Every structure is written in structure tokens, then in C-alpha cells.
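Novice: coordinates for the following, if possible.
(chains A and B)
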Amino acid sequence: MDLELKDIPGQLVLALQPISDFEGNIVSVVHHRDKKTPRGMIPVQVTFEIDGAKVSDLIDKLKSGGIIVARVGEERLRERRAVILIGHIIHSDIRDTIDQIDATGYAEVMDLAMSMPGIDQRSSARLVINAAGKREMESAVELLRNIAREKDLLLIEPI
Amino acid sequence: MKKIRISIIGFGVIGSGVAKVISEKKGYIKSRHGIDLELVGIGERHGSIVCEDGIDPMEAYDLAKSREMYKHPCWKEEMSGIDVVREVNADIVIEATPTNINSGEPGLSHMMTAFKNKRHVVTSNKGPLVVAYKELKRTAEENDVQFRFEASVGGAMPVFNLVRESLQANKMLGIEGILNGTCNYILTRMSTEGLSYEHALSEAQELGIAETDPSYDVEGIDTACKLVILANAIFDMDATYKDVEVEGITGITPESLKLASDEGYAIKLIGEVRDGLRVAPRLVPKDHPLAVGGTLNVISLHTDLAGEITVTGKGAGAIETSSSILSDVINISKYEFEGT
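Specialist: This next block holds a predicted model:
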């Protein structure tokens, strides 16, 4: 979110407090004190995780505090993790494996690369999963662990 | 100058390697540390060499190499390892018999007997540590003697001494690492040459890096045992082998290594002590400190003050392991006998 603040003390807190009030998790704040906008305001970039349903209320709250909300960008799935699966991946229905992750609503399989050396031999696959946040990624990987156990696949996770 | 009397129980690759290094380093240890190491007993399966006036360690090493220990003038056929521990007047017993992770024997009895006879113990033997760490530690304390086992995990790499000495103000938060050089060698070769698991394993066996029966290494058992020792000694847990979740490297395909590599990862067999104890193949970013290749071992210690400390080095080999064993011997000698 790009904000513009007046060049007087206390403005940054005024901008950040509402985010925290709406249970947003602030990831980074870049405060450009030396760069003023044409309106004579100080630009601030704030990145945070928040329940999407609360965003419009948050914007109203910020505006009522005299803060200009210049731009709102959304990156829904911020976490990315690659994992490897080894086993009879096709025969154990890779489509179902992917569907189960996608059906969570908070995580998706974004990329799949497979290598099948021969019929009857175990294949290997690399899945890239994107998820809304760290907690969501943990749940998605936990789900994948259970699927791998059920389908007798070896799951290799990052350290 | 303090004379420290040593007996070595188990005179195989490690035990005889220690003797060789004692022979080579005797002068250096004397001038540098003021400690005169004297070998007074060697216990082997079929007999022992006992000489209260000192055994020439190099002579014993040569005889062991040619399997002619019985030719030594002080050879006592009827004397077993445990007799040496009990009867030979040694300050420090170096226990280097083969590892048995089920019963811990014969090492366990050797160590317990040594403690009860007020002798310090230095060991590379994982078996007794996995089976009965708490009991060994308690018995050593009750008898007011030292128990050191730097060589049991990571061969030449300092881990326990690093934690005990250099990181003593830190709380340990977690440990992870590559603790088995055989697995690391196989995975490295599979990855760099695109070899199958079977091919890389037989190559390792030809080079003497893997055993004829490799299951102890490749199924992750060895790594799991080392985790148990780390968990008990560093985190004061009461863990046994059963507490470790273990997955080895036998299921790894060359294709999986390629897929991982294309994404910037290596696959390594990682042992981890954190919330639980876990051994599993994991994706390690290629530029990560844990991504060491060949037969190397590596350990990362996560601490509250120092952050992450990573040590890497040779995890096996008689001379490398002797480095850790002698470090323990010198430490005990310094702390226990200085000024007495």
C-alpha cells in the first residue's frame, strides 16, 4: 500500500496503528523522508498481511485520519515453496493431489515438473506451492504430508 | 610435566589409529601442553598387551596392521578388554570397540567398569551412548570422573567441546546437519554425475566409503544414533533411537536430484533436533552453509546469542577421529591433573 503522510510528527504511527487494529501483520515499512510528493507529502510504502475482507474498512479509517491512500496492490499468495515427490505419482493420481491443495482456498500448486524414467519405475516430481502466508503454507504442506503418506510417496521438503 | 596413563580398548581402525597419532604427536603434546601420554594397556578381542612401563604405540600399531599383536612381548592371551579396564592402572580409558546400537556391548560394560574403577573415559563408540547415556553420565558423576565423546558425532568436527567451551553462555535452540559421509557421498555423486542410487552405492563400496552391508548408513540409522547423542548431551533430553523419525536415502532417484537442482536445491540427508528428532532427505539451497559435498559432514547450531554457527569437516577416518579423541584426552588431562 502506498500512502502519503503530512510532514509533521506522529504521522507514521497514525498510518500504522489502524493496520494493527484490523489485525494486519506488517511485513515492511519504507519511509521516504527525503522524497516529497508534488503535494508536499511524504510517501510511505507499507507491506502487510491482512484478511482481504477488512481492506476497505481499513482504507476508510486511514482516510479519516487525513492519510492519502495513493495505491493499493494485492499479492494474494505471498509464500512460495518447492517440494519434491518420489514414487508412483501418476498412478496415485497426481490430479487429485493437486486438487486437494488447490481446494484449500489459501494455497495453490503453481508449477509441476515431472520426470518418468520408465513404466514400473518410480517417477519424480517437483511441485511449487504458493500460499497466502506462512501459516497457510504450513497447513498446505501438512496436508501434502498426509497425502504422501496415504499414497506411499516420498516427500522431500526444504530445510 | 604430568604423566597420563592411557589404555585403549578395541584396537581396530580407530583404536590403532589413536595409537599411531599418540606416537606421532607425543613430543608436540609434551612441549605444548606439558602432558606426557603413556600407553599402558591395549585390550583386544583375543587378548591384550599390558605393560606398566609403557607400550611403544607405533610398535603396537604395526603389529595390529599385520595382525600379529600376539607377537608383542607383553601379549597376554587370557586377558580380555574388560580385564584391562579393571586391572591396568590407567588414568584414561579410550573405548573404541565396534558400535552396537542394540545392547551397547561390549563398550557399555567397559565404560561402566572404567567409571567404577575411577578412570576417565574417552570414546568414539556410539552404541553405549545411544543405549544408556543417562546411566553412563550419572555413573561418571558419582565416581567423580570425566566422560568425553567428541569423536562419536561428526568425527573430526568439534561439536560437544564447541558447545561446552566456546558457546557456554548460549542456550541451544536447535541443531541440524549432515552427519553421515557415506550418504553425502552417494547423493553428491548421483547429483553431479546423474548416477542411479545403486551405481553410486557400488562406487562408494569399491572406494571403501560404504560398507558391504550399507543399511546402517543409507537407511539413516547412523544419523539417527548421532541425533540421539546430540539430543541427550546438548539438550539434556532422555531420547532413544525409538524417538527418531527416520527416512533414509534409498528412495532417492537421479531425476529428483535434477528437478531439485533446476530449482537451486541439493538433496541432502539431514538430521535435525528441534521440536523432535528427525532424519530425512531434505532440499537444501545450493548456497546454504549445509550444502557441502563429497564425504564431508556439517552441523549448524542454532543459539540464542551467537545465532547460527556452522562447522564442517571430515566425519570419518582414523586420523581425523583421533584428532577428537586426543582433544578429549588432553582436556581431561589439563582439567583433572593440572597442579595435582
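
Novice: please make it C-alpha for all contacts and neighbour counts, starting now.
Specialist: Noted.

Novice: what residues does chain A have near chain B?
Specialist: Taking C-alpha under 8 Å from any C-alpha of the partner chain as the contact definition, chain A meets chain B at A:82-86, A:113-115, A:117, A:123-126, A:154, A:156-159.

Novice: just the buried ones from those, in PyMOL syntax?
Specialist: Provided next is the PyMOL selection string for whichever of the residues of chain A next to chain B are buried by 16 or more other C-alpha atoms under 10 Å in any protein chain shown:
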select buried, chain A and resi 82+83+84+85+86+114+115+123+124+125+126+154+156+157+158
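
Novice: next step: the residues of chain A next to chain B restricted to strands.
Specialist: If you go by DSSP state E, these have A:82-86, A:113-115, A:123-126, A:154, A:156-158 in strands.

Novice: so residue A:25 bridges to which residues?
Specialist: residue A:49 (DSSP bridges).

Novice: for burial, what's the neighbour tally of it?
Specialist: Neighbour count for residue A:25, taken as other C-alpha atoms under 10 Å in any protein chain shown: 13.

Novice: before we move on, what about residue B:205?
Specialist: Considering only other C-alpha under 10 Å, residue B:205 is surrounded by 16 other residues.

Novice: and for the one 10 residues further on?
Specialist: For residue B:215, the number of neighbouring residues by other C-alpha under 10 Å comes to 14.

Novice: what sits against it?
Specialist: With contact set as C-alpha atoms under 8 Å, 6 or more residues apart in numbering or on different chains, residue B:215 has these partners: residue B:221.

Novice: for it, give its distance to chain A.
Specialist: Residue B:215 sits 18 Å away from chain A, going by C-alpha to the nearest C-alpha, to the nearest Å.

Novice: now the helix or strand harbouring residue A:15 - C-alpha only, CSV.
Specialist: Using DSSP states H and E, residue A:15 falls within helix A:11-21. The C-alpha atoms that make up helix A:11-21 are tabulated as CSV, following Å, rounded to 0.1, in the frame of the first residue of the first chain:
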residue,chain,number,x,y,z
GLN,A,11,2.0,10.7,11.2
LEU,A,12,3.7,7.4,10.8
VAL,A,13,2.1,5.9,13.9
LEU,A,14,-1.2,7.3,12.7
ALA,A,15,-0.8,5.3,9.5
LEU,A,16,0.3,2.1,11.0
GLN,A,17,-1.9,1.9,14.1
PRO,A,18,-5.1,1.2,12.0
ILE,A,19,-3.4,-1.7,10.2
SER,A,20,-2.6,-3.3,13.5
ASP,A,21,-6.1,-2.5,14.8
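
Novice: quick one: list the elements packing against that helix.
Specialist: The elements that helix A:11-21 packs onto, with contact taken as 3 or more C-alpha pairs under 8 Å, 6 or more residues apart in numbering or on different chains; DSSP states H and E, are strand A:2-5, strand A:25-31, helix A:55-64.

Novice: tell me which parts of chain B are close to chain A?
Specialist: Checking chain B against chain A by C-alpha under 8 Å from any C-alpha, the hits are B:251-253, B:255-256, B:259-260, B:263, B:280-285.

Novice: rewinding a little: neighbouring contacts of the helix holding residue A:15?
Specialist: Helix A:11-21 is contacted by residues A:5, A:25, A:26, A:58, A:61, A:62, A:65, A:67 when judged by C-alpha under 8 Å, 6+ apart.

Novice: now the helices for the stretch 1-150 of chain B?
Specialist: Counting by DSSP state H, counting those that start in this stretch, the stretch 1-150 of chain B has these helices, from start to end: B:13-33, B:57-65, B:81-87, B:107-116, B:126-142.

Novice: turn those into a markdown table, including mean pLDDT and distance to residue B:47.
Specialist: Converted to a markdown table, those look like this (pLDDT from 0 to 100; distance: least, C-alpha to C-alpha, whole Å):
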| stretch | mean pLDDT | distance to residue B:47 |
| --- | --- | --- |
| helix B:13-33 | 95 | 15 |
| helix B:57-65 | 95 | 12 |
| helix B:81-87 | 95 | 8 |
| helix B:107-116 | 97 | 15 |
| helix B:126-142 | 96 | 22 |
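
Novice: just put those in TSV and tack on distance to residue B:230 and mean neighbour count.
Specialist: Listed next are the helices of the stretch 1-150 of chain B as TSV, based on distance: least, C-alpha to C-alpha, whole Å; neighbours: other C-alpha atoms under 10 Å in any protein chain shown:
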stretch	distance to residue B:230	mean neighbour count
helix B:13-33	21	18
helix B:57-65	31	18
helix B:81-87	27	21
helix B:107-116	18	22
helix B:126-142	10	20
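
Novice: outline the domain layout of chain A.
Specialist: Per automatic domain parsing, the domain ranges recorded for chain A read A:2-71, A:79-156.

Novice: in chain A, which residue sits closest to chain B?
Specialist: residue A:158 (4.1 Å; C-alpha to the nearest C-alpha).

Novice: quick one: contacts for the residue lying closest to that residue once chain neighbours are set aside?
Specialist: Distances taken as C-alpha to C-alpha, 6 or more residues apart in numbering or on different chains put residue B:283 closest to residue A:158, at 4.1 Å, once the chain neighbours are dropped. Contacts for residue B:283 (C-alpha under 8 Å, 6+ apart) come out as A:83, A:156, A:157, A:158, A:159, B:260, B:265, B:266, B:267, B:268.
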